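J.: Quick one, what's the 3D model for this:
(2 chains)
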Amino acid sequence: MDLINFEATELRLGLPGSTDEQPEIKSITSVVSTNKRSSSEMGSSISDENDSSRSSPPTKAQVVGWPPVRSYRRNILQGKKSDQSETGSGIYVKVSMDGAPYLRKVDLKMYKGYEELMKGLQGMFKCIIGLYSEMEGYKSEYAPTYEDKDGDWMLVGDVPWDMFLTSCRRLRIMKSCDVIES
Amino acid sequence: MFHYWFLSSCKSISYGSRVKFHTRMDLNQKRARSVDPDLVSPESTTSPFPDEVLEPVLSLIDSHKDRSSVSLVCKDWYHAERWSRRHVFIGNCYSVSPEIVAGRFPKIRSVTLKGKPRFSDFNLVPEDWGADVYPWLSVLAKAYPFLEELRLKRMAVSDDSLRFLATNFHEFKALSLLSCDGFSTDGLKAIATHCKNLTELDIQENGIDDIGGDWLSCFPESLTSLQVLNFASLNSEVSFNALEKLVARCKSLRVLKVNRNINLDQLQKLLLRAPQLTELGTGTFTQDLVTRPVADLETTFGYCKNLLTLSGLWDSNSLYLPVINPACASLTFLNLSCATLLSFELTMLLMNCKSLRRLWVLDTVGDRGLEAVGSWCPLLEELRVFPADPFEQEEVAGVTESGLVSVSRGCPNLHYVLYFCHQMTNAAVATVVQNCPGFTHFRLCIMNPGQPDYQTNEPMDEAFGAVVRTCPKLQRLAVSGLLTDLTFEYIGKYAKNLEILSVAFAGSSDLGLKYVLGGCPRLRKLEIRDCPFGNAALLSGLTKYESMRSLWMSACNLTMNGCRVLAKEMPRLNVEVMKDEDSEDSQAHKVYIYRTVAGPRRDAPPFVLTL
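T.: The predicted structure follows:
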């Protein structure tokens, strides 16, 4: 079974699939070059707390003790992340809705099934979403779709809930009229 | 009103002498405690008030700063003050020796002791640097066997020290450990076992070796005096049975902060036992298996009519957060820094929190969440926004300048801000301080070092210029972003009340530090890292350092020679350089300078050189 894909749930400013392009931090390197010790401090100690599943090399220099966040605070969040990977709780996926100016995120684990998920999304976006049925067609103006791990856009509701949990990478609430049936 | 007259006369006399560091007086000289009436005359320089009047009046004065002022007035007042002092505050454990303290103050019941420089919180101070509490405890045990309270911050505390404390002070009541390290839960066992009159056990954010939770079971059945219990930062599970019984029998319990292992069911039981709580730290605030309807828990929160502070709330989400609604209206401090809330979750919560004075959140709430703060919490005085994932490689959403501006618009009483963000503009900061000119603490951390105003690409100088010009009451300032010497010129010129300044990755030349050292008359603590300030700047502050508690400079341009010159000129300062293997011999990579009457440290590890 495919486990949580951290990359899918990463917060990124770019479009999905775009590569990281970080501008060089000129100011920090100019300060660092006058001081031998700093350069050896960089990249040490903090980086072992980095998520090792990330494949792209760190483009931002990591400096000891920066940002000035106490290690106790770091450990709390670290604890939360490792809890998630151990118990499998907390699957955050992005949700976009056609016409809405910004995206949201939901934890799929909070819901026991499709009905609850729809209720949650409806509450979030203040709209009525209906699951499609072969008999009745689209029950409302909006249709929930999702991108699966193969990159295909699928209609929500076809596969068993557990299978959906493992394959859903992001959600998109489309206007029903835009949904093209294959 | 009488003692206010005393206070105001003290202050007017002693302001001039505040700059002068108080040198030791002959403490062995025992002055006659009563005044010879023949010597009393209006022209006499001795106090016209006999000690029997002076001491009770002075005992009303709590603030240690006021007491210091009082003690400088004249010898009579000095002695009356030292006999009436019950609490001593030592901001730097190396500035004075325990023997000197014990010699001066014969009747202390409460000691507050701070050790390592603040940057040790961020791993900039090597382990085994010092600040061991044991030498203090052994002196305190002889001088103050009836000591009741000990509050330690950034001290090295071993299990042996805790055992010593537990067994040598028979009236001991309150222990608070904040950001300390070196002990394990075994040490806590000793405290729980032996301190029969314990009222307070407050363990916060320490580097503790958490071996297990059985320390809590060591509280004897006979212990009923507990008022404060905070073990939120400990990881291992305690016996819930023991905890529940403890809470049930301690009827005066007002502060209870449990750790993450305590689940909602257990929390419910605890709240039913202790509805009188004024401060509550919950455990994990979600559950996989719903054993009890949410409404039950909400009702229980409704029973807690005295709740002012709420914290913990790990893993909380929109399903369980509403449970705290009944308590929200009277909350004054809400600490959500362990809860990864989204903006709509925070908004729903804050709609009920109209009395809120202090709010701590994670930046997951975003600018939208902060808009809600501005809308619903008009009485807000303090806001802290922490980064949920400070070491993220890419830019994450977090909060921006607009969030802070929204808060400032809705919360005119805001005077304390700690704000971690990825972008900021000069204009936004100027707007913020215009909306809230009463800032006393302004700590802004733009997380990318040396980042300019993202809209204009200019340095952030004008932002901090606006802060110091507009906020005359500013006591504490932390600067960040791309900053030239101009920022420091502004600070030195305008920040008349500034006491604490934190600087990182800023400045263009020695001038920057010179401006600050040449201005800021009230400066007490200055901590600097990764700035291009060198020996000339360091030495420009020669006379100032004796009026300050301490100066930290790391990864700047200081050399050993520069530090040696300072040490030679100012014998009442300890000039300590921390050496490490990588740096060149002539560079002074980490320098810690502080005033002291105790002379050079006798317990300095090999990598700390006192010049």
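
J.: count of neighbours near the closest residue to residue A:148 other than its chain neighbours?
T.: Spatial nearest neighbour of residue A:148, chain neighbours left out: residue A:167 (4.5 Å); criterion: C-beta to C-beta, 6 or more residues apart in numbering or on different chains. Using the backbone N, CA and C atoms, a C-beta is placed for each residue, glycine as well. For residue A:167, the count of nearby residues is 18 (other C-beta atoms under 10 Å in any protein chain shown).

J.: and the gap between residue A:167 and residue A:150?
T.: Taking C-beta to C-beta, to the nearest Å as the measure, residue A:167 falls 8 Å from residue A:150.

J.: Likewise for residue B:262?
T.: Note on residue B:262: its distance to residue A:150, by C-beta to C-beta, is 42 Å.

J.: Same drill for the two, tell me which one is more crowded.
T.: Between residue B:262 and residue A:150, counted using other C-beta under 10 Å, residue B:262 has the larger neighbour count: 24 against 8.

J.: Quick check on that one: phi, psi?
T.: phi -80, psi 120 (degrees, to the nearest 10).

J.: Let me know the pLDDT of the nearest residue to it once chain neighbours are set aside.
T.: Among residues not flanking residue B:262 along the chain, residue B:283 sits closest, at 3.1 Å (C-beta to C-beta, 6+ apart). Residue B:283 carries a pLDDT value of 93.

J.: number of nearby residues for residue B:283?
T.: Residue B:283, neighbours per other C-beta under 10 Å, totals 20.

J.: Dihedrals phi and psi, it?
T.: Taking degrees, to the nearest 10, you get phi -90, psi -140 for the backbone angles of residue B:283.

J.: residues in contact with it?
T.: B:258, B:259, B:260, B:261, B:262, B:263, B:264, B:266, B:267, B:312, B:314 (C-beta atoms under 8 Å, 6 or more residues apart in numbering or on different chains).

J.: separation between the nearest residue to residue A:114 once chain neighbours are set aside and chain B?
T.: With C-beta to C-beta, 6+ apart as the criterion, residue A:114 has its nearest non-adjacent residue at 5.5 Å, and that residue is residue A:157. Remark: distance between residue A:157 and chain B (C-beta to the nearest C-beta, to the nearest Å) = 23 Å.

J.: ok, the residue nearest to residue B:262 to residue B:332 distance?
T.: Here the distance between residue B:283 and residue B:332 works out to 22 Å (C-beta to C-beta).

J.: Then residue B:380?
T.: In this view, residue B:380 and residue B:332 are 10 Å apart by C-beta to C-beta.

J.: Centre-most residue in chain B?
T.: Computing the C-alpha centroid of chain B and ranking residues by C-alpha atoms, centre = their mean puts residue B:153 first, at 7.9 Å.

J.: which ones are touching that residue?
T.: Residues near residue B:153 by C-beta under 8 Å, 6+ apart: B:112, B:113, B:114, B:115, B:178, B:179, B:180.

J.: Now the phi/psi pair for it, please.
T.: Residue torsions, per degrees, to the nearest 10, at residue B:153 are phi -130, psi 130.

J.: tell me the pLDDT at it?
T.: pLDDT at residue B:153 comes out at 97.

J.: Tell me, how many residues neighbour residue B:209?
T.: Using other C-beta under 10 Å, residue B:209 has 13 neighbouring residues.

J.: partner residues bridging it?
T.: Note on residue B:209: beta-bridge partners by DSSP bridges are residue B:184.

J.: Test for you: state the pLDDT assigned to it.
T.: On the pLDDT scale, residue B:209 gets 80.

J.: give me the low-pLDDT residue ranges for chain B?
T.: B:1-47, B:289-292, B:392-396, B:582-583 (pLDDT under 70).

J.: Right, and chain A sits closest to which residue of it?
T.: residue B:450 (2.8 Å; C-beta to the nearest C-beta).

J.: tell me which element that residue is part of?
T.: Under the criterion DSSP states H and E, no helix or strand holds residue B:450.

J.: got a list of what residue A:114 touches?
T.: Applying C-beta under 8 Å, 6+ apart, the residues near residue A:114 are A:131, A:156, A:157, A:161, A:164.

J.: again but with residue B:319, I slipped
T.: Each residue near residue B:319 by C-beta under 8 Å, 6+ apart is listed here: A:110, B:286, B:294.

J.: Quick check: it vs residue B:349, distance?
T.: 13 Å.

J.: Report the set of residues contacting both of the two.
T.: In contact with both residue B:319 and residue B:349: no residue, using C-beta under 8 Å, 6+ apart.

J.: ok, back up a step: residue A:147 is in contact with the residue nearest to residue A:148, correct?
T.: No: counting by C-beta atoms under 8 Å, residue A:167 stays clear of residue A:147, with 9.3 Å between them.

J.: Next, residue B:609: secondary structure please.
T.: The local conformation at residue B:609, judged by DSSP: H, G, I helix; E, B strand; the rest coil, is strand.

J.: now do residue B:202
T.: The three-state label given to residue B:202 by three-state DSSP is strand.

J.: show me what contacts it?
T.: Counting by C-beta under 8 Å, 6+ apart, residue B:202 has contacts B:174, B:175, B:176, B:177, B:178, B:228, B:229, B:230, B:255.

J.: Out of the residues you listed, give me the one that has the most neighbours.
T.: Of the contacts of residue B:202, with other C-beta under 10 Å as the count, residue B:177 tops at 27 neighbours.

J.: Excluding chain neighbours, what is closest to residue B:62?
T.: Using C-beta to C-beta, 6+ apart, the closest residue to residue B:62 is residue B:87 (7.5 Å).

J.: isn't that neighbour right up against residue B:109?
T.: Yes: in this structure, residue B:87 is within contact of residue B:109 by C-beta under 8 Å, at 6.9 Å.

J.: Who wins on neighbours among the contacts of residue A:114?
T.: residue A:156 (21 neighbours).

J.: Would you check that that residue makes contact with residue A:144?
T.: Yes: using C-beta under 8 Å, residue A:156 is in contact with residue A:144, at 4.0 Å.

J.: need the helices for the stretch 1-150 of chain B, in chain order.
T.: Taking DSSP state H, counting those that start in this stretch to define them, one finds helices in the stretch 1-150 of chain B at B:2-19, B:51-58, B:64-71, B:75-84, B:98-104, B:134-143.

J.: Any chance of JSON lines for the ones you listed, columns mean neighbour count and distance to chain A?
T.: Listed next are those as JSON lines, based on neighbours: other C-beta atoms under 10 Å in any protein chain shown; distance: least, C-beta to the nearest C-beta, whole Å:
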{"stretch": "helix B:2-19", "mean neighbour count": "14", "distance to chain A": "30"}
{"stretch": "helix B:51-58", "mean neighbour count": "17", "distance to chain A": "38"}
{"stretch": "helix B:64-71", "mean neighbour count": "19", "distance to chain A": "26"}
{"stretch": "helix B:75-84", "mean neighbour count": "20", "distance to chain A": "36"}
{"stretch": "helix B:98-104", "mean neighbour count": "17", "distance to chain A": "28"}
{"stretch": "helix B:134-143", "mean neighbour count": "17", "distance to chain A": "24"}
